[in-house]
Each structure stands twice: as C-alpha cells, then as structure tokens.
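Engineer: How does the following fold in three dimensions:
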Amino acid sequence: MRLPSTLRRLPNLSTRSRGLATLRPRPAGFAQFLKISDEVKSALNAGQPVVALESAIYTHGFPHPQNLELAQDIEAVIRAHGAVPATICMLNGKAVVGLSSKEMEQMTDSANHKEKMKVSRRDLAFALGTAMNDPTRSLVGGTTIAGTSVIAHLAGIKVFATGGLGGVHRGVEKTMDVSADLTELGRTPVAVVCAGSKAFLDLERTLEYLETEGVYVGTFGSDMYPAFYSREAGIKSPSVVRDAKEAASIIYASHALGLTSGQLFANPIPSEFEIPNSEIQSIIKSAVSAAESAGASGKDNTPFILADILRRTEGRSIKANRGLILNNAKMGAQVAVELSKLEGSDRSYGF
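Structural biologist: Numbering: from 1, shown residues only. Got it, this is the predicted structure:
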C-alpha cells in the first residue's frame, strides 16, 4: 500500500554547507550500477553547472542517424551556454551518466533495432538486475523523464532539460493512464525544463495532479501554460517565472528547505516552430482516436500518437519537436549556470 505523499516526504536528507545540497543518503551498493563520465564527475565535484538529458527520445522518438545529430546538437547547445551535458541511458548493464562519442553512437543506433528498452522508474531494477545476473541480457535502455530523474538525483544533478512532460491521458476515468513522470516529480528533487506537457494529454488534470504531488509549476515569461507544439492552449499557468536567474533561485530555495519534490519550468516553444493550438487539436483528436482503435495503450500509447501526429502534420511536428528541445536545452543550461552561482563551488559529491 502506497503511503500518502506527506508521509513519503518526511526529511531524510544530508545537507552540505555551501549550496545546501539536499541529497538523500545514497543506498548501499548503488555505485556498482552507475557509470559517471570523468567530465560529469569533475564538473559536479567542482560545483560547475551540469544539465541532465533523457535518452528515450533517441531510442524511441527519432530514427538513426537523425537522433544522433539531434543528440550532438543538444549537447553542443548546452556547452555553448556554459554547462556540461549529462545524457543518461542504460548501456552494458550500467546506468550511464555522460556519454562518450562511442557510447552516443551505440545508444542512438538502437533506434533501428527491436532489442531496446524504454526505462522508467519501474524498469530500472529489472534492466540493471537482469544484466548483472546474465550479461547477455544487457539491452540498450532509453530513460524516460521519470527514469532519468532517478539517475540524475543519484548522481547529484539538479537540472534536467527535455522536450515535453508526460501527464494524465485523456479518458483517464476509463484507463487510469497517468504518466510516472508526474509522481516522480512529486518525490525526486530535480528541476525539469520542458515545453509543457505533451499536447494530446488532459492538461488541466495534469496540472491538478502536479499540485496534489506538491510540484511547483511555472512558465517562463507567460501566464499561460504551454502545450508542447503550441505556445498556449487557453490554460492558465500556476505561476510566471521571469528568467533563468529566478528559476535558479526557486530551485535553490527548495533544496535549502529540504523539500523532496521537484520543480517544473515550462518553456514555450519558439514562435517560428509553433503549430497553433487551433490547428493541432483536430489532428490530436484524430490521433488519439486512432490509438484507441489500434489498442495502443500503456507504454505504446505515446509513441503511437506521436507517430500518427507526425504523419498527419506531414513532418511539421518533428520540426517543432526539434526546435523546442534545443530551446529547452539552452534554457536548462542557463538555469544550471545561475544555480551554480548561488551554490558556490565549495562542495564535493565524493566520487
């Protein structure tokens, strides 16, 4: 039986003097399943800005080699804005944080093969435990927002940039389909920068769920909550964030208070890549209906709907997706830089 949120969030934290890093004590033996690159390790120990990145978008979203090009472009944007990228995925029986060029190629190449996993929180122990027991069962795993957040927190990374958040699916009263991304934000202190929730979800119920989980939600420069492809969908944002500096201050205050929930910073898609809400909604309605007819549910639902939207928009949706992800990478880097200034450099994660 799952404990109420208030009980699950009772403090169990270790606080460091500079930066007040609220890292919960790491479980014994976790290091054997984690591989952190030297670059990311050095940056964390030096208090330099680091931005976590998911990998499910590469293994289950874009085909190869377009996914490799996107991964390289995202990391380049983060470096250009003063932060260190930390792409997270499952490779060779380890949760890898920060990929080499060879590892990036191995991870993105899996998009064209069936032997891969989409890894959320529930899948982490299975993916790592089965590979430990039998190395021949080691698969490439693309981590979702939930899976990435767990590993990022274990590594000591506080800022995570991605495309769009999962959420409460339409028709939830029949399917009970609620993304694990939402509950993860409620129990893991990692800030997520994204273009709002994916537009085919029930956005109002998604925001209600996040409120119940104690997750702060703010939108950069607007009082309207963005809807992935669209800058707004007629739904008010719970709050407005002026810039990266203000976002960093919110993250810093949350860690200083010992809060164990994350924050969601919605970053509207740049206008040049936007598909207006009035246009995309009819397309989404058709895609959702097609998914129901095809019996695409659970982890297969989102990939089916995104592929159907891509077909119906004749490729415009993937251009929008690419544009918003690069924009979020830029903002994520700026937030991480401002947070590192607040925290100072006198800290060590003991790697």
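Engineer: Sketch out the low-pLDDT regions of the chain for me.
Structural biologist: 1-25, 345-351 (pLDDT under 70).
Engineer: A180 reaches T144, doesn't it?
Structural biologist: Yes. Using CB atoms under 8 Å, A180 is in contact with T144, at 7.3 Å. To be clear about C-beta, it is placed using only N, CA and C from the backbone, and glycine gets the same treatment.
Engineer: Mind checking which of those two has more residues around it?
Structural biologist: T144 (27 against 18; other CB atoms under 10 Å).
Engineer: Neighbours of A80, how many?
Structural biologist: A80, neighbours per other CB under 10 Å, totals 11.
Engineer: doesn't A86 make contact with V50?
Structural biologist: Yes. In this structure V50 lies within contact range of A86 using CB under 8 Å: 5.3 Å.
Engineer: who touches both of those two?
Structural biologist: Residues touching both V50 and A86 (CB atoms under 8 Å, 6 or more residues apart in numbering) are V40, I157.
Engineer: what is in contact with A180 and T144 at once?
Structural biologist: S120, G166.
Engineer: Nearest the middle, which residue of the protein would you pick?
Structural biologist: I145 (3.4 Å; CA atoms, centre = their mean).
Engineer: Next, give phi and psi for the nearest residue to that residue once chain neighbours are set aside.
Structural biologist: Excluding the flanking residues, the one nearest I145 by CB to CB, 6 or more residues apart in numbering is D181, at 4.2 Å. Per-residue torsions, D181: phi -60, psi -40 (degrees, to the nearest 10).
Engineer: What separation is there between D181 and A56?
Structural biologist: 11 Å (CB to CB, to the nearest Å).
Engineer: Show me which of those two is the more surrounded one.
Structural biologist: Neighbours per residue (other CB under 10 Å) separate D181 from A56, with D181 holding more: 29 against 26.
Engineer: Wait, the more buried one touches G164, no?
Structural biologist: No. With contact defined as CB under 8 Å, D181 does not count as touching G164 (9.6 Å).
Engineer: hey, what's in contact with both of those two?
Structural biologist: With CB under 8 Å, 6+ apart, D181 and G164 have no common neighbours.
Engineer: Longest helix in the chain, by number of residues?
Structural biologist: helix 316-343 (DSSP state H).
Engineer: Can you name every helix or strand that that one contacts?
Structural biologist: When contacts are defined as 3 or more CB pairs under 8 Å, 6 or more residues apart in numbering; DSSP states H and E, helix 316-343 packs onto strand 50-53, helix 66-80, strand 159-161, strand 191-194, helix 244-256, helix 301-312.
Engineer: shared neighbours of D181 and A56, which are they?
Structural biologist: With CB under 8 Å, 6+ apart, D181 and A56 have common neighbours T144.
Engineer: Would you map the strands across the stretch 101-250 of the chain?
Structural biologist: Applying DSSP state E, counting those that start in this stretch to the stretch 101-250 of the chain gives strands spanning 116-119, 140-143, 159-161, 191-194, 216-220, 240-241.
Engineer: ok, the shortest one: who's next to it in the sheet?
Structural biologist: Strand 240-241 has the following sheet partners, assigned by DSSP bridges: strand 216-220 (parallel).
Engineer: in the strand it pairs with, what counts as buried?
Structural biologist: For strand 216-220, burial by neighbour count (16 or more other CB atoms under 10 Å) applies to Y216, V217, G218, T219, F220.
Engineer: if we look at the sheet, which residues does the fourth one bridge to?
Structural biologist: In this case it means T219. V240, A266.
Engineer: Hmm, P268 and it touching each other?
Structural biologist: Yes. Counting by CB under 8 Å, T219 does reach P268; the two are 6.9 Å apart.
Engineer: Could you name every residue contacting both of those two?
Structural biologist: Joint contacts of T219 and P268 (CB under 8 Å, 6+ apart) are G196, P226.
Engineer: who's in contact with I251?
Structural biologist: Here I251 is in contact with K158, V159, A191, Q263, V335, L339 (criterion: CB under 8 Å, 6+ apart).
Engineer: Repeat that for P303.
Structural biologist: P303 neighbours (CB under 8 Å, 6+ apart): H60, G61, A296.
Engineer: Tell me the one among the residues you listed nearest to R242.
Structural biologist: Nearest to R242 among the contacts of P303: G61, at 30.9 Å, using CB to CB.
Engineer: Now do that closest one: how many residues are near it, please.
Structural biologist: G61, neighbours per other CB under 10 Å, totals 22.
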